[in-house]
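Undergrad: Dropping a prediction and its sequence here:
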Amino acid sequence: MKFSAAFLIVPVLLGAGAARADTAAARCDIYPAGSDHATASLPCSLGQSQGNITITREDGVTMDLRPDGDTVGNFRDQHGNRVYRNSGLGDAGVIFRSPTESIFLYWDADVGLAEPDGFSTDDYDATATLRCGPIGAEPTHACPAGATRMEDRQASVTVRGVDGAQFTLNFMRDATDDSFYVNATSGLAEGRLTDDIWHVVIDGRAAYEVPLALIEGG
C-alpha cells in the first residue's frame, strides 16, 4: 500500500465505529542530528491509527508517536521526546526529526537520499537517487545524482540522466527579484517548484524530480 502525503495530514477515517490501523511499507534513511550523511538506509514501515504513528525499522528500532498539542505535525515519542514531521520530500515521502536523528521516510524504496551507485559523499555534499523518466510516462526510472551546495541555498546537481549521459542542473537565485531558477549544462531546462520538489524537464523529453532536501540540506 502506497500512501501520499495526505495520509499523514488527515486523520484515519474509521468505519462503523471500529478503529483501523493502516500500514505502509517504506524505506528509512537515518541521519544523525545536524548531519547531511545517512548512517543507515533500511526497510521500514509506517502505521497510523487515530492520529498516532508508529515507525518500525528493520534494525529493530520502533518509534511510537502521539500528537503533541493542537499543532499538526508535532508529536511526542514513547520516551517523551519531541518529534516533528516536516515536508521536504514532496510526494516521495516525509521527514521525522527527533533530538538525535532525522528519518527520511520514502514510499518508493528505490528513491531517496541514500548514496547511489557511482556517486559518493566523498565527492559531493550530498547524494540522491532521483525519480526520472521520459516525458509522456510516469517518472519510474531512478537517476543517480550528487549535489554541490553553495551559499544562499543554491546548488549544482550532477545527474546521470535517463539516457545514461551525465549533466549538471544549476539551481540558482536571481539577484534582481530573489527568485530561484534552474539551468542545465546540456539541453534546455524548464523547472517549477511544487511541494518542496523541483520538477525539471530537459529539452521537453525527460523529466527529473529533485527534492529541496538534496539542494538545501536536511
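TA: Okay, I see it.

Undergrad: Would you enumerate the residues in contact with the residue nearest to the spatial centre of the chain?
TA: Residue closest to the mean C-alpha point of the chain, counted by Cα atoms, centre = their mean, is L89 at 3.0 Å. Applying Cβ atoms under 8 Å, 6 or more residues apart in numbering to L89 gives the contacts 95, 104, 106, 196-197, 211, 213. Using the backbone N, CA and C atoms, a C-beta is placed for each residue, glycine as well.

Undergrad: Save those residues as a markdown table, and put in neighbour count, secondary structure and pLDDT too.
TA: As requested, the contacts of L89 are exported to a markdown table (neighbours: other Cβ atoms under 10 Å; DSSP: H, G, I helix; E, B strand; the rest coil; pLDDT from 0 to 100):
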| residue | neighbour count | secondary structure | pLDDT |
| --- | --- | --- | --- |
| I95 | 20 | strand | 90 |
| F104 | 26 | strand | 88 |
| Y106 | 22 | strand | 85 |
| D196 | 19 | coil | 84 |
| I197 | 22 | strand | 89 |
| P211 | 28 | strand | 89 |
| A213 | 27 | helix | 87 |
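
Undergrad: ok, so of the residues you listed, who is nearest N52?
TA: Nearest to N52 out of these is I95 (Cβ to Cβ; 18.3 Å).

Undergrad: count of residues packed around the closest residue to that closest one other than its chain neighbours?
TA: In space, and not counting its chain neighbours, I95 is closest to N86: 4.4 Å by Cβ to Cβ, 6 or more residues apart in numbering. Around N86 there are 15 other residues, counting by other Cβ atoms under 10 Å.

Undergrad: which residues of the chain score low on pLDDT?
TA: Counting by pLDDT under 70, the chain contains low-confidence residues at 1-21, 36, 88, 109-115, 137-139, 218.

Undergrad: Touching, L214 and T148? I think so.
TA: No. With contact defined as Cβ atoms under 8 Å, L214 and T148 do not form a contacting pair (10.9 Å).

Undergrad: okay, and the common contacts of those two?
TA: Joint contacts of L214 and T148 (Cβ under 8 Å, 6+ apart) are 155, 157.

Undergrad: Run through the residues that contact T100.
TA: So T100 contacts 32-33, 81 (Cβ under 8 Å, 6+ apart).

Undergrad: what do you get if the cut-off is 7 Å, keeping everything else the same?
TA: T100 makes contacts with A33, as judged by Cβ atoms under 7 Å, 6 or more residues apart in numbering.

Undergrad: go on, P144?
TA: 116-119, 129, 160.

Undergrad: For burial, what's the neighbour tally of L130?
TA: By other Cβ under 10 Å, neighbour count at L130 equals 29.

Undergrad: Can you name the residues that contact it?
TA: 143, 145, 159, 208-210.

Undergrad: And the contacts of P144, which is closest to P67?
TA: Distances from P67 to those, taken by Cβ to Cβ, are shortest for T129, at 32.2 Å.

Undergrad: surely that closest one meets V159?
TA: No. Contact criterion Cβ atoms under 7 Å: T129 and V159 do not qualify, at 10.3 Å.

Undergrad: list the residues that contact both of those two?
TA: Taking Cβ under 7 Å, 6+ apart as the criterion, T129 and V159 both touch C143.

Undergrad: I am finished for the moment; much appreciated.
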